[in-house]
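Participant: When you get a sec, could you give me coordinates for this:
(one chain, ligands or ions: 3)
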Amino acid sequence: MWVYDLETLRFLEVNRSALTTYGYSREQFLQMRITDIRPAEELPRLRADLLAARPDRQRSGPWRHRTADGTAMDVVVTSHLVEWEGRPAALVVAEGMPRTVAASGQTSSSTPPAATGTAGLAPMAREVVARGITDRFPAVVMVVRCDHLDSCMAAIGVTGVYALREQLTQRIRRLLPAGSLMAAEGEDFWVVCPHVEDGRARRLAGQLVLEIPRPVDLPGVGEIVVSASVGVRIAGPGPKDADALLMEASVAMRVAAAQGGGRVVVFDPSVQRVAAARFVNEQALRQALRAGEFCVHYQPIVDLASGEVHGFEALLRWQRPGHGVVGPEYVIGAAEESGLIVPIGAWVLNRALADFRALQREAPNASVAVNLSPHQLRDRGLVGRLKAGCAKEQIDPRSICLELTETALVRVGADVSEYARLLALRDTGVSLAVDDFGTGYSALAYLKQLPIDIVKIDRSFVADVVGNSADMVLIDAVVRIAHALGLRVVGEGVETVDQALALHDLGVDLAQGYFFGRPVPLASVARVLKGGSRSRYLAQGA
Ligand code: C2E
Ligand code: CA
Ligand code: CA
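Facilitator: Numbering: from 1, shown residues only. Ligands and ions are numbered 1, 2, ... in the order given. Next up, the predicted model:
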């Protein structure tokens, strides 16, 4: 038995039997969160469950837990919402169960959601769709999901997410035409609007995408901003299967989210094809990792003042048999959802360390940058593996840079143990970069608070830097603030010499982009560097 805090998910109290069963000391237990006793593959389900829990409900169900030595254990969990020293909390009773019962009783979290059907997934939504579409065609079925809900939940807690959901429900409802039906279920908002034709459905979805990111004021939290992905299925006349409509709206929503979120995707057969080809499931990723189908491409980062190669960014690629080279946009999301990002990320780091010497032969003193997913920061073994990897390859950790996105970093700032891990990483000597700067929360305060060395300005700002004075002003401001704090600035996505020159004029230190070199396999790095863009740049700059 234990009690955990509904907001922070930390254990508040635990009984002796749990200590012996899970293999932790009381002190250790009380330092952990409920996510720490789950295998990685249970985390998406846990997150959905926490969001789905009505605050007044008693709940029970089968789960898989993990003990201190990593052994998986199937349990039936019953939880009651309680107040613990004035805080909202849950009292949990976990009972072990025989393996065979667990196997049949548990919904598999490894099945891709698009293929699980909607029966167990969204009973209220099914009801709404079934009621909404009977003979009131044309109708539109929409599903709305907030982007980056993980980091949002870590930042504002589960009760914060409840409050956010309440407010978004009202906001969405106000936009809907009379006669519409809506269900908020788990992470999603389901909407059915009868008698709405194609054009109006698209406009409505567009409005949702624009309205949801207006700031929401949450009691005790303050203003927060979230974007959302909207999947749309327009249903013409003729018999319709509610489940199929829900599923197709959901597939469209996932395509929208995989394309970066904050957008609408309307379901059509091409969306289905994209989804089928690109939604990679956990099994496929596991298999790819085992079969050695992943590889790393390297892209040069160039010093704008000297034109010399400052370093290389390691970017994951998947040589998927029968599919060609699959980019990380289709891998990282699925890997994060399944928790496989931890072993895949560790693999990328090791690969980059192993390639380090060869890269330095192409560009002496070059550093190597590796992307780090926020999940990896929760991995207790990260710092140790990094140190061991550097020692094995005889690399000075100061030549390694780890890139974290702005959203991930803001979240880390709010979590004591992740923050401690970030400091420990930095203590090894590696440098840290904020990736995609300008696309996340864009709060500048954390630049000062977190141990960061480099700011990478997102390519969306760089794209218009020639001619668009608004972006120039922004980059100028970022450069000034970064330099005042002693940070270096990288401009990403530089595709033309004019962009490179403009960035240099604005004081940007380093640049990366197709102009200087595309990401290529290790064997092609030398060829890319001889390509001549750098000398053309230098000739024009002089
Ligand atoms: P990122 O970290 O912002 O990486 C830069 C992305 O911009 C790369 O896309 C790169 O190919 C692309 N790019 C570089 N120069 C240009 C340019 O001039 N124009 C344009 N349009 N694009 C350019 P890529 O390789 O598809 O990677 C996408 C994202 O996937 C990365 O964005 C990074 O967030 C993530 N990622 C890649 N590898 C890993 C990895 O090993 N681990 C983790 N956690 N994430 C990774
Ligand atoms: Ca990056
Ligand atoms: Ca980036």
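
Participant: Ignoring the adjacent residues along the chain, who's closest to the residue of the stretch 101-250 of the chain found nearest ligand 1?
Facilitator: The stretch 101-250 of the chain approaches ligand 1 most closely through residue 148 (13.0 Å), counting by CB to the nearest ligand atom. Every residue, glycine included, has its C-beta placed from N, CA and C. Spatial nearest neighbour of residue 148, excluding adjacent residues (CB to CB, 6 or more residues apart in numbering): residue 407 at 5.6 Å.

Participant: Likewise for residue 1?
Facilitator: In space, residue 1 is closest to residue 15, 4.5 Å off (CB to CB, 6+ apart).

Participant: To what extent is the one you found buried, counted in neighbours?
Facilitator: 14 (other CB atoms under 10 Å).

Participant: gap between it and residue 22?
Facilitator: Relative to residue 22, residue 15 is positioned 11 Å away (CB to CB, to the nearest Å).

Participant: wait, isn't residue 168 in contact with residue 216?
Facilitator: Yes: here residue 168 reaches residue 216: they are 7.1 Å apart, a contact under CB atoms under 8 Å.

Participant: what do these two both touch?
Facilitator: residue 226 (CB atoms under 8 Å, 6 or more residues apart in numbering).

Participant: residues from the stretch 401-542 of the chain in reach of ligand 1?
Facilitator: Proximity of the stretch 401-542 of the chain to ligand 1 is confined to 403, 435-436, 459, 492-495, 512-514, 519 under the rule CB under 6 Å from any ligand atom.

Participant: run the last query once more with 8 Å
Facilitator: Contacts of the stretch 401-542 of the chain with ligand 1, taken as CB under 8 Å from any ligand atom, map to 403, 405, 435-436, 456, 458-459, 463, 492-495, 512-515, 518-519.

Participant: and the residues you listed, which are buried?
Facilitator: Buried by 16 or more other CB atoms under 10 Å: 403, 405, 435-436, 456, 458-459, 463, 492-494, 512-513, 515, 519, out of these.

Participant: Give me the secondary structure label for the residue nearest to residue 147 when sequence neighbours are not counted.
Facilitator: What sits nearest to residue 147 in space, not counting adjacent residues and going by CB to CB, 6+ apart, is residue 261, at 3.3 Å. Under DSSP: H, G, I helix; E, B strand; the rest coil, residue 261 falls in the coil class.

Participant: and what of residue 346?
Facilitator: At residue 346 the chain is in helix, as set by three-state DSSP.

Participant: How about the secondary structure of the closest residue to residue 498 other than its chain neighbours?
Facilitator: Excluding its sequence neighbours, the residue lying closest to residue 498 (CB to CB, 6+ apart) is residue 466, at 4.7 Å. Of the three states, residue 466 takes coil under three-state DSSP.

Participant: Give me the pLDDT for residue 108.
Facilitator: pLDDT for residue 108: 29.

Participant: swap that for residue 126, please
Facilitator: Here, the pLDDT recorded for residue 126 equals 72.

Participant: Then residue 413?
Facilitator: 68.

Participant: CA-only coordinates of stretch 152-162, as PDB, when you get a sec.
Facilitator: Extracted in PDB, the C-alpha atoms of stretch 152-162 (Å, rounded to 0.1, in the frame of the first residue of the first chain):
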ATOM      1  CA  CYS A 152       2.600  20.000 -19.600                       C
ATOM      2  CA  MET A 153       1.700  17.400 -17.000                       C
ATOM      3  CA  ALA A 154       5.100  17.400 -15.500                       C
ATOM      4  CA  ALA A 155       5.000  21.200 -15.300                       C
ATOM      5  CA  ILE A 156       1.500  21.700 -13.900                       C
ATOM      6  CA  GLY A 157       0.700  18.400 -12.300                       C
ATOM      7  CA  VAL A 158      -2.300  16.200 -12.800                       C
ATOM      8  CA  THR A 159      -4.800  18.500 -11.100                       C
ATOM      9  CA  GLY A 160      -3.400  21.400 -13.200                       C
ATOM     10  CA  VAL A 161      -4.200  19.200 -16.300                       C
ATOM     11  CA  TYR A 162      -7.800  18.600 -15.000                       C
END
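
Participant: Run the chain-centre distance for it.
Facilitator: Its chain's C-alpha centre and that of stretch 152-162 lie 16 Å apart, by CA atoms, centre = their mean, to the nearest Å.

Participant: and if you look at stretch 130-150?
Facilitator: 24 Å.

Participant: Would you agree residue 78 falls within a strand?
Facilitator: Yes: according to three-state DSSP, residue 78 belongs to a strand.

Participant: Now that it has come up, it's in contact with residue 93, right?
Facilitator: Yes: Residue 78 lies in contact with residue 93 (CB under 8 Å); the separation is 4.8 Å.

Participant: The residue nearest to residue 85 when sequence neighbours are not counted: what secondary structure?
Facilitator: Once flanking residues are discounted, residue 85 sits nearest to residue 12: 7.5 Å by CB to CB, 6+ apart. When classified by three-state DSSP, residue 12 comes out as strand.

Participant: separation between residue 12 and residue 220?
Facilitator: Taken as CB to CB, the span from residue 12 to residue 220 is 19 Å.

Participant: Could you count how many residues lie near the closest residue to residue 227 other than its chain neighbours?
Facilitator: What sits nearest to residue 227 in space, not counting adjacent residues and going by CB to CB, 6+ apart, is residue 262, at 3.8 Å. By other CB under 10 Å, 18 other residues sit near residue 262.
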